[in-house]
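**Q** here is my input; please provide its structure:
(2 chains)
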Amino acid sequence: MTAATPALPAAGGGFRRPRRRPGRTALRLLPLLPAVALMLVFLAGPVLWSFYGSLTNQALTGYKAANPEFVGLDNYAELLTDDGFWKAVVLTVVFVGASAVIGQNVLGMALALLLRAAARPLRAVVSALVVVAWVLPEIVAAFALYAFFSTDGTLNQVLGWFGLEGPTWLISVPMLAVILANIWRGTAFSMMVYGAALSEVPPDVTEAAAIDGATGPQRFFRITLPMIRRSISTNLMLTTLQTLAVFTLIWVMTGGGPGTDSSTLPVLAYQEAFKFAQVGYGTAIATVTLLVGAVFSIVYIRVLKPEVD
Amino acid sequence: MRLQRTVIATGAVVALGLTAACSSGGGDSAADDSTITVAYQKTAQFVQLDDLLQKAKSEYEAANEGMTVDLVPIEAEQDQYFTKLALMNGSADTAPDVIYEDTFQIRSDAAAGYLQPIDEYVEAWEDWDQFPDTARQAGLGDDGKVYGVSMGTDTRGLYYNKDLFEQAGLPTDWQPESWEDILSAARTIKEKLPDVTPINVYAGKAAGEATTMQGFEMLLYGTDDELYDADSQKWITGSQGFTDSLAFLETIYGEGLAPSLDIALDASVGARVATELLPQGKLAMAVDGSWLPGGWITGDNAWPEWEDTLGMAAMPTQDGQEPGFTSMSGGWTLAVGAHAGDPQAAFDFIATALNKENSLKYDTENSQIAVRTDVAEDPEYLGFNPSFEFFSSLVDYTHFRPATPDYSQISSNIQVAAESVATGQATAEEAAATYDEGLVSIVGDDATQAAG
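**A** Residues are numbered from 1 along each chain as shown, chains lettered A, B, ... in the order given. The predicted structure follows:
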């Protein structure tokens, strides 16, 4: 929903310090207290609260709104047997995989590489155009894309000039539409991260490789990519988590429909909580979304090992 | 590692934004007792209530020195209106004093503790005698106490465009006697006038209660089955009528007799039918509510030709079985919020808004079927709108929705079933089975019974 602040390419933290006296360490930790307290109140607090909510049958209206009961893991048990939930999990993985992991990252990297080689005015124009999508607030971007993909929308009108009749994008291929929309919106972020990372690669290393006879693709895959590995890891994680949480874009464009054909986990959670008034059940879905995000993060950290140099 | 943790944490915040958003409702707090906050719905084509409340506000403030009425219009389609209202009611700080409340939500919201009983105030209200028993029933909670004052009721029927019927060679004085008659007329129109959508019956989740009531229930209550057995107080599963009603939707959406899905599944479908598809002659038949002419008589979307262009027919039962026709009735009330600082003042405002003069204004402008006896008999009311006579005659065939606190959740479940057949994602049998499963998980095994 909200955009995470762009982080700088990962800072290394690999060197060890000699042991210090405990009293001094405690004193050094003191300035961290406000930050930790804030994290506890505004981060751990809501997480625990939402977890507790998912263990109740809290509803938006009716008797269960006045007196919610503690139902243990019932909501989770029901989720696991609900076909709609598994469909949402698959759609979420497809959405994240296609639009964030592949779309935004590959396209972002490609743009960053091309822009490095491009002439300065072209670079300025292209980056400005790409960044516009990122600068737009999500709701504005979502409306713009709705107007673009809708049946009488821009895309079909343009196709009409060439005598082509476009499909009803949001109805016949809703996932493709929202995936393209999310790629359009998020690529700028990856492009900027990779642009910054690439400029940090010392030119003498690649030049040395070139003198040794390495071809362009070899230089890229054997030299550049390993050197910016940490940025890739960070960027993959950020884009994945952002995409996992995308709600507005899908809600405005397709409303999760037709039927449930584009209901990812956040959309499903919203529907259960606010449309079907089952707040407890919806919160359980939100909690599962949180776990899916955590799993993705752990995988990135383990596979890409950003800490090891 | 620390950065990664922060990153995970940031992601967690983003993911949780969804849950956190649950707790933040909008609206001003009704802090002091001299302010009455009134929460109600307002949309581009529904401004009649806003007009009424503005008028009542000035009258009430003039009569009660020092009191302020704070009107809080919620600009949302019906579905989101309920959600926003429930969120406002979630906290005493944001809960409104007077609430525009659909009759089917009353039991549910009274059970949730959002409303307070107003028995003592209505007893003392001289106008209460004008409300007949049926109108009083509409405002009762599960505990038998009065929670809302009825503003008017409605019925539903079939609108058809006489010009289009004539072009397609169909009779302009038309009254179908079974679903088959409707389907054959629709098929004729599709064949003769390919650019016209033959019929609209709501079937999308985004249309909310319209899909349940104007769409599905108008079909179901014309079969031999109902949703709920009022005698045994149990919900019915596995009925043939339920499957048949879904099959009707499956047929019209599957054969292309209904609007294309990009229109049908959009939240704005109700507005488009009333302000665009019917007036522009793009839709030949529509199952819809008696209030539509209200928007055509006055306002931004006035369409004075509607009287000559549109015919009205009663919705037939499935095979023409007794009593031949069917209709559904609902209606809205004004209710007093549970956290109202001064419930007497809140009720006094309702009494002003629904006195004879104001009820007459609202019932005529918004095409309501009047519930106050003195309004229903007023010549000005009877002469205002030529459709009143027709829609009032449907009261003989009408049905009411099951009045239980679970109804609103079950209604959502019906919308899911309707949309799944309209989109072709499920057959009528599959969707009915899914509905039964959902029903049991909402009300429990004990509260259901198999049809038979």
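**Q** how far does stretch A:169-180 stretch from start to finish?
**A** Distance between the boundary residues of stretch A:169-180 (Cα to Cα, to the nearest Å) amounts to 11 Å.
**Q** hmm, it in reach of chain B?
**A** Yes - taking Cβ under 8 Å from any Cβ of the partner chain as the criterion, stretch A:169-180 and chain B are in contact, through A:170-171. Glycine gets a C-beta too; all of them are placed from N, C-alpha and C.
**Q** for that stretch, give the mean pLDDT please.
**A** Computed over stretch A:169-180, the mean pLDDT rounds to 91.
**Q** what are the contacting residues of that stretch?
**A** For stretch A:169-180, the external contacting residues (Cβ atoms under 8 Å, 6 or more residues apart in numbering or on different chains) are A:91, A:94-95, A:98-99, A:103, A:145-146, A:149-151, A:153, A:155-156, A:167, A:249-250, A:253-254, A:257-258, A:261-262, B:260-262, B:265.
**Q** switch to 7 Å and redo it
**A** Contacts of stretch A:169-180 from elsewhere in the structure, counted by Cβ atoms under 7 Å, 6 or more residues apart in numbering or on different chains, are A:91, A:94-95, A:98-99, A:103, A:149-150, A:155, A:167, A:249-250, A:253-254, A:257-258, A:261-262, B:261-262.
**Q** that stretch: which residues count as buried?
**A** A:169-171, A:173-175, A:177-180 (16 or more other Cβ atoms under 10 Å in any protein chain shown).
**Q** before we move on, what about stretch B:87-96?
**A** By neighbour count on 16+ other Cβ under 10 Å, the buried set for stretch B:87-96 is B:87-90, B:94-96.
**Q** quick check: residues of the stretch 201-350 of chain B near chain A?
**A** Applying Cβ under 7 Å from any Cβ of the partner chain, we find that the stretch 201-350 of chain B lies next to chain A at B:205-206, B:260-262, B:265.
**Q** neighbour count added to these, as JSON lines?
**A** Shown next, in JSON lines, are these (neighbours: other Cβ atoms under 10 Å in any protein chain shown):
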{"residue": "B:Lys205", "neighbour count": "27"}
{"residue": "B:Ala206", "neighbour count": "23"}
{"residue": "B:Ser260", "neighbour count": "13"}
{"residue": "B:Leu261", "neighbour count": "23"}
{"residue": "B:Asp262", "neighbour count": "18"}
{"residue": "B:Leu265", "neighbour count": "25"}
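**Q** give the helix, strand or coil label for B:Ile36.
**A** Following DSSP: H, G, I helix; E, B strand; the rest coil, we place B:Ile36 in the strand state.
**Q** related to what we said a few turns ago, now list the buried members of the contacts of stretch A:169-180.
**A** Using 16+ other Cβ under 10 Å, the buried members of the contacts of stretch A:169-180 are A:91, A:95, A:98-99, A:103, A:149-150, A:155, A:249-250, A:253-254, A:257-258, A:261-262, B:261-262.
**Q** among those, which lie within helices?
**A** Residues of these located in helices (DSSP state H): A:91, A:95, A:149, A:155, A:249-250, A:253, B:261-262.
**Q** next, give me the two most distant ones among these.
**A** Using Cβ to Cβ, the two most remote members of those are A:Leu91 and A:Leu155, lying 22.3 Å apart.
**Q** the closest residue to chain B within the stretch 101-250 of chain A and A:Val96: what is the separation?
**A** Distance from chain B to each residue of the stretch 101-250 of chain A (Cβ to the nearest Cβ) is smallest for A:Leu241, at 3.0 Å. A:Leu241 sits 9 Å away from A:Val96, going by Cβ to Cβ, to the nearest Å.
**Q** nearest spatial neighbour of A:Glu272, skipping sequence neighbours?
**A** A:Gly282 (3.9 Å; Cβ to Cβ, 6 or more residues apart in numbering or on different chains).
**Q** number of nearby residues for B:Leu334?
**A** Applying the criterion other Cβ atoms under 10 Å in any protein chain shown, we find 26 residues in the vicinity of B:Leu334.
**Q** what kind of secondary structure is the closest residue to it other than its chain neighbours in?
**A** Distance criterion Cβ to Cβ, 6+ apart; nearest residue to B:Leu334, sequence neighbours excluded, is B:Ile350 at 4.5 Å. Taken by three-state DSSP, the conformation at B:Ile350 corresponds to helix.
**Q** same check, this time on B:Trp303
**A** Look at B:Trp303: counting by three-state DSSP, its state is coil.
**Q** could you report the neighbour count for it?
**A** With neighbours defined by other Cβ under 10 Å, the count for B:Trp303 comes to 19.
**Q** so how far is A:Ala100 from it?
**A** 48 Å.
**Q** also B:Gly341?
**A** With Cβ to Cβ as the criterion, B:Gly341 and A:Ala100 are 50 Å apart.
**Q** then B:Asp97?
**A** When distance is defined by Cβ to Cβ, B:Asp97 is 47 Å away from A:Ala100.
**Q** low-confidence ranges in chain A?
**A** Within chain A, the set of residues satisfying pLDDT under 70 comprises A:1-22, A:305-309.
**Q** how about the strands in the stretch 201-350 of chain B?
**A** Residue ranges of the strands in the stretch 201-350 of chain B, as given by DSSP state E, counting those that start in this stretch, are B:228-229, B:234-237, B:283-289, B:310-313, B:315-316, B:325-329, B:332-336.
**Q** just say which of those strands is most tucked in.
**A** Using mean count of other Cβ atoms under 10 Å in any protein chain shown, the stretch among the strands of the stretch 201-350 of chain B with the largest mean neighbour count is strand B:332-336, at a mean of 27.
**Q** nearest residue to the residue in the stretch 51-200 of chain A that chain B sits nearest to in space, please, no chain neighbours.
**A** Distances between the stretch 51-200 of chain A and chain B by Cβ to the nearest Cβ are smallest at A:Ala65, namely 3.5 Å. With Cβ to Cβ, 6+ apart as the criterion, A:Ala65 has its nearest non-adjacent residue at 3.5 Å, and that residue is B:Ala112.
**Q** number of nearby residues for the closest residue in space to B:Thr373 that isn't next to it in sequence?
**A** Leaving aside its sequence neighbours, B:Thr373 sits nearest to B:Gln130 (Cβ to Cβ, 6+ apart; 5.0 Å). For B:Gln130, the tally of surrounding residues (other Cβ under 10 Å) stands at 19.
**Q** hang on, isn't B:Gln130 packed against B:Arg372?
**A** Yes - assessed by Cβ atoms under 7 Å, B:Gln130 is found in contact with B:Arg372 at 4.5 Å.
**Q** what is in contact with these two at once?
**A** Contact criterion Cβ under 7 Å, 6+ apart; residues shared by B:Gln130 and B:Arg372: none found.
**Q** please list all residues in contact with the nearest residue to B:Met213 once chain neighbours are set aside.
**A** Residue nearest to B:Met213 in three dimensions, not counting chain neighbours: B:Met328, with 5.3 Å by Cβ to Cβ, 6+ apart. For B:Met328, the residues meeting the contact criterion (Cβ under 7 Å, 6+ apart) are B:156, B:213, B:217-218, B:221, B:398-399.
**Q** and if you look at B:Thr404?
**A** Applying Cβ under 7 Å, 6+ apart, we find B:Thr404 in contact with B:Arg107.
**Q** which pLDDT value goes with it?
**A** Looking at B:Thr404 specifically, the model assigns a pLDDT of 83.
**Q** if I look at it, how far off is B:Thr237?
**A** In this structure, B:Thr404 and B:Thr237 are 15 Å apart, going by Cβ to Cβ.
**Q** what's the answer for B:Thr326, then?
**A** Separation of B:Thr326 from B:Thr237 (Cβ to Cβ): 21 Å.
**Q** any idea which helix or strand carries the residue of the stretch 101-250 of chain A closest to chain B?
**A** Secondary-structure assignment from DSSP states H and E places A:Leu241 in helix A:229-244.
**Q** for that helix, output the C-alpha coordinates as PDB.
**A** Written as PDB, here are the backbone C-alpha positions of helix A:229-244 (Å, rounded to 0.1, in the frame of the first residue of the first chain):
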ATOM      1  CA  ARG A 229      25.000  -9.000  -5.800                       C
ATOM      2  CA  ARG A 230      24.100  -7.300  -2.600                       C
ATOM      3  CA  SER A 231      22.100  -4.600  -4.400                       C
ATOM      4  CA  ILE A 232      20.300  -7.300  -6.300                       C
ATOM      5  CA  SER A 233      19.400  -9.100  -3.100                       C
ATOM      6  CA  THR A 234      18.100  -5.900  -1.400                       C
ATOM      7  CA  ASN A 235      16.200  -4.900  -4.500                       C
ATOM      8  CA  LEU A 236      14.600  -8.200  -5.000                       C
ATOM      9  CA  MET A 237      13.400  -8.200  -1.400                       C
ATOM     10  CA  LEU A 238      12.100  -4.700  -1.500                       C
ATOM     11  CA  THR A 239      10.200  -5.200  -4.800                       C
ATOM     12  CA  THR A 240       8.900  -8.500  -3.600                       C
ATOM     13  CA  LEU A 241       7.500  -7.200  -0.400                       C
ATOM     14  CA  GLN A 242       6.100  -4.100  -2.100                       C
ATOM     15  CA  THR A 243       4.400  -6.200  -4.700                       C
ATOM     16  CA  LEU A 244       3.100  -8.700  -2.100                       C
END
